[in-house]
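**Student:** After the sequence you'll find the predicted model.
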Amino acid sequence: MDFNKIKLICEEQRLSIPQLAEKIGISEAGLYQSLRNQSMKVDILEKIAQELNVPVWIFFDPNPQTQIEEITKEVQEFIVKIQILEASNSALIKEVKGLNDLYMTTKLLTSSQQRIIENNEVMISNLEDVIKKSKIMPTITETMKFIEDFMTGKIKIDPAQIEKFNSMSKELKEADGANKKKS
């Protein structure tokens, strides 16, 4: 459609666009906007043709090849836009897949971290047991030395030594009982 023909015919008939707008019953701004946007309702176009005393078809390009070329150009532009959108969509799919992979890796790392924390807690508990047992090692060593000395006859049993032996045995039993309760 050739909207410039409306302007040309108006000029030939010495009719201004504001006058044409008044005669067909629309606002001057509305007519200018339709001409500028190159978009007009059919009933308005018919009123313009009637007012200018010309057939409606005069506003259309008589060469259908031109219209076909314009439509083909528009279709090609849409195809390019679709290709761009498809490429963008493909990139988004790759990005989502990458985010999914990152999520799965993060989930695996979190699970591994939890197992490490649990293992650390077990190691700390075992270390505490070792520390407790190392505290009673001097008592064990002293008891072993006492038994060795008694067995080899280096010492004779007297009531003070028996009391000392009983005291060391009691300490060992208490330490062992405390360790068993915590295990």
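**Tutor:** Perfect, thanks for sending it.

**Student:** Okay, domains of this protein per the record?
**Tutor:** The chain breaks down by automatic domain parsing into domains covering 4-60, 67-182.

**Student:** So which of these is the most surrounded?
**Tutor:** Each of these was scored by mean neighbour count; the highest is domain 4-60, a mean of 14, by mean count of other Cβ atoms under 10 Å. Every C-beta, even on glycine, is put in place using the N, C-alpha and C of the backbone.

**Student:** Just give me the residue closest to the centre of the protein.
**Tutor:** L99 (6.5 Å; Cα atoms, centre = their mean).

**Student:** And the nearest residue to L20 once chain neighbours are set aside, how close does it get to M40?
**Tutor:** Among residues not flanking L20 along the chain, C10 sits closest, at 5.8 Å (Cβ to Cβ, 6 or more residues apart in numbering). Separation of C10 from M40 (Cβ to Cβ, to the nearest Å): 14 Å.

**Student:** what does R14 give?
**Tutor:** R14 sits 22 Å away from M40, taking Cβ to Cβ as the criterion.

**Student:** starting at the chain centroid, how far to stretch 137-155?
**Tutor:** Chain-centre distance of stretch 137-155: 70 Å, with Cα atoms, centre = their mean, to the nearest Å.

**Student:** any idea of the mean pLDDT for that stretch?
**Tutor:** Mean pLDDT, stretch 137-155: 78.

**Student:** Can I get that stretch as PDB, trimmed to CA atoms?
**Tutor:** Only the C-alpha atoms of stretch 137-155 are listed here, as PDB (Å, rounded to 0.1, in the frame of the first residue of the first chain):
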ATOM      1  CA  MET A 137      50.300 -45.600  81.100                       C
ATOM      2  CA  PRO A 138      52.600 -44.500  84.000                       C
ATOM      3  CA  THR A 139      50.300 -46.400  86.400                       C
ATOM      4  CA  ILE A 140      50.300 -49.500  84.200                       C
ATOM      5  CA  THR A 141      54.100 -49.200  83.900                       C
ATOM      6  CA  GLU A 142      54.600 -48.900  87.600                       C
ATOM      7  CA  THR A 143      52.200 -51.800  88.200                       C
ATOM      8  CA  MET A 144      54.100 -54.000  85.700                       C
ATOM      9  CA  LYS A 145      57.400 -53.100  87.400                       C
ATOM     10  CA  PHE A 146      55.900 -53.900  90.800                       C
ATOM     11  CA  ILE A 147      54.700 -57.300  89.600                       C
ATOM     12  CA  GLU A 148      58.100 -58.000  88.000                       C
ATOM     13  CA  ASP A 149      59.900 -57.000  91.100                       C
ATOM     14  CA  PHE A 150      57.600 -59.200  93.200                       C
ATOM     15  CA  MET A 151      57.900 -62.200  90.800                       C
ATOM     16  CA  THR A 152      61.700 -62.000  90.700                       C
ATOM     17  CA  GLY A 153      61.900 -61.700  94.400                       C
ATOM     18  CA  LYS A 154      63.400 -58.200  94.500                       C
ATOM     19  CA  ILE A 155      60.700 -57.000  96.900                       C
END
